[in-house]
Structures are given as C-alpha cells and as structure tokens.
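# sequence plus the predicted model coming up.
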Amino acid sequence: MTLYNNVSSNQRKTWLLLFGFSLFIILAAYIFAAAMNEPAILYGVVIFSIISSFVSYWWSDKIVLAMSAAHEINHDSNRELFHIVENLCITAGLPLPKIYIIDDSAPNAFATGRDPEHAVIAVTSGLLDKLAKAELEGVIAHELSHIGNRDILLATIVTVLVGMVVLLADWFRRWSFFGGRKSDDNREGGQLALVITVVAIVLSILAPLFAYLMQFSISRKREFLADANGALLTRYPEGLARALEKISQDTEPLEAANRATAHLYFSSPFKEDSGKKVSWFTKMFMTHPPVEERLKALRGIK
C-alpha cells in the first residue's frame, strides 16, 4: 500500500466510525428520552457535555503540561530539537508550535493544543537521549500530524458524545431506581412503553461501555493516520518504525504520565504492549494500536 492510500484509508475509517457513533448517540438519546418521557433531560445533558468539553478544549494544553512538569525551550536552549521541529513544520505547512521538554528518562512524546496556531509538542529528555536523529524526526513528524489532522478537535467532539451517553445512562438508572414518573402517556402506551423501558434499562448498562470502545477505536485509527502522515512527511517510514521499536521496548517507566494523559503519548506509557501479540479483546480497550500492527503498517507502505 502506498503512503497516500494508507492516509486516505485511515481517514475514511475514522469518519465512518464517527458517523456510526453519532447515529448510536442519537438512537440512545431518543430511547432514554422516550422511556423517561422527559425531553428536557436530553437538552440538559447536551449542554453540560458541551460546556465541560469546551473548557477542556481551551485549557487542556496548560493542564496537561502542568501535570507533566514540562518546561518550554527556545532556539538557544536546544538548537537541534528546535531545528528538527522547525524544518518539519515548513515541510508540513504548519506554524511552529511551542516546544516543551519533560525531564523523564523514558522515551516518549505528545502533542496538544486546540488548533495549529496554539499547538504544543512535548518530548521527554529520554527521547532526546535514546533516539537517533532520523528516529526523532519520525516521532516529531507523527506528533505534527496529530496537530495538522486536528486530532485534538476530534478528540473533543468524541468526548462530548461519550459524555452524553454516560450522563444519560447514569441519569436513567437513577430515574429507574426511584421508580420513574408514572405519567398518563406511559399508562396509555401500555406494552410499547414497557418495551421501551426494558430496552432503555439494557442500553443504560451497555451504552457507556460501547461508547468508550468507540472512543478507543477512533483513537487507534488516528494513531494509524498519524503514523502514515508522519512517514509521508519525512519520506522515511523506517525511521518512525525504529523509533517505535525502541520506545516500546524501553523498560523505563514514564513517571510523568497517568491514565488521564496516557492517550496523548506517541506510545502507551504503561507498556501494555511491548511488541508481543495482543488478543482482540485486549486490543478493544487500548487507546493505541498494538506495536506489531503499527510496525507492519509502516513497513508495508512505500
């Protein structure tokens, strides 16, 4: 498969997943609203989810950088890294992001920021120490691809959708626990109302799980897309592949990472997958594709 075909394929799969996810949200919201006979609850959940995601979208970069204890660098403090980022940005047609270093011996990196004009790239000191220049360029190109692909925006949209499902399911379970509201409409609905209520109860249990699985699936597709775009940017897929191998095989724990920020990193900081074969069930709960699949995709493109 060529680089261009790989990019197009991953873009199509991502947007198909997002379209299917959106349809699922609409169906779930309709069933919950019908079972509770309270359309206003749906509006409340949508507004709350949008507000919380709006806050995280605008200030997530500052929050993540503070949690990671990252410090900003300039041209004089690390010229080699600065020039690598600058040259790749020129090639990609992107504005130069702010560059941060995390003092951590584990090799890894992440990108964040609400848009290319307010983007940030953070790399660990371990990444700079342990990777060759071509490998470092591959990782930086991958992170710049996340910025160029608006993955932070997409992640925010998906977070809104997941938040809606989780809140609706939680509110419905609480409503059911306290007996619901026995309205005349429900009594008149008879059997249909009972069927909708039973479906809603089952959905309230399964919908949050399904929503998170869809979120993880979209995240994995965006990682594949960033790999393909990164290889396209450097024109050297092997550099990115070697970097991925080194990072996944490194045994140093990434102390700066936690469950809230793990999905941002180039490679999972928790070493869930060190190149070994991963079962389909385990893969469903991973934010990053298995390393062996990423390597196979990178080394299979021309």
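Structure received. The model shown is predicted, which means the values in this text are computed figures rather than measured ones.
# which residues in the stretch 51-200 of the chain form strands?
70-73, 98-102, 109-112, 120-124 (DSSP state E, counting those that start in this stretch).
# can you lay out those strands as JSON lines showing mean neighbour count, distance to residue 243 and mean pLDDT?
Glycine gets a C-beta too; all of them are placed from N, C-alpha and C. JSON lines is the format used below for the strands of the stretch 51-200 of the chain (neighbours: other CB atoms under 10 Å; distance: least, CB to CB, whole Å; pLDDT from 0 to 100):
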{"stretch": "strand 70-73", "mean neighbour count": "16", "distance to residue 243": "20", "mean pLDDT": "95"}
{"stretch": "strand 98-102", "mean neighbour count": "21", "distance to residue 243": "17", "mean pLDDT": "97"}
{"stretch": "strand 109-112", "mean neighbour count": "26", "distance to residue 243": "9", "mean pLDDT": "94"}
{"stretch": "strand 120-124", "mean neighbour count": "27", "distance to residue 243": "11", "mean pLDDT": "96"}
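# quick one: closest of these to residue 205.
strand 109-112 (33.2 Å; CB to CB).
# mind listing residues that contact that closest one?
60-61, 64-65, 97, 119-124, 127, 139-140, 143-144, 146-147, 152, 261, 264-266 (CB atoms under 8 Å, 6 or more residues apart in numbering).
# report how many residues lie close to residue 29.
19 (other CB atoms under 10 Å).
# what do you get for residue 17?
By other CB under 10 Å, 17 other residues sit near residue 17.
# one step back: sitting in helices, which of the contacts of strand 109-112 do you find?
60-61, 64-65, 127, 139-140, 143-144, 146-147, 152 (DSSP state H).
# now the strands of the stretch 51-200 of the chain in a markdown table, with distance to residue 244?
Shown next, in a markdown table, are the strands of the stretch 51-200 of the chain (distance: least, CB to CB, whole Å):
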| stretch | distance to residue 244 |
| --- | --- |
| strand 70-73 | 22 |
| strand 98-102 | 19 |
| strand 109-112 | 12 |
| strand 120-124 | 15 |
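# ok, back up a step: of the contacts of strand 109-112, buried ones?
60-61, 64-65, 97, 119-124, 127, 139-140, 143-144, 146-147, 152, 261, 264-266 (16 or more other CB atoms under 10 Å).
# and residue 18, what does it touch?
154, 157-158, 218.
# go again using 7 Å as the cut-off
With contact set as CB atoms under 7 Å, 6 or more residues apart in numbering, residue 18 has these partners: residue 218.
# wait, is it part of a helix?
Yes: judged by DSSP: H, G, I helix; E, B strand; the rest coil, residue 18 forms part of a helix.
# and it, how far is that from residue 212?
If you measure residue 18 against residue 212 using CB to CB, to the nearest Å, the figure is 15 Å.
# and if you look at residue 219?
For residue 219, the distance to residue 212 - CB to CB - is 10 Å.
# good, we can wrap up now.
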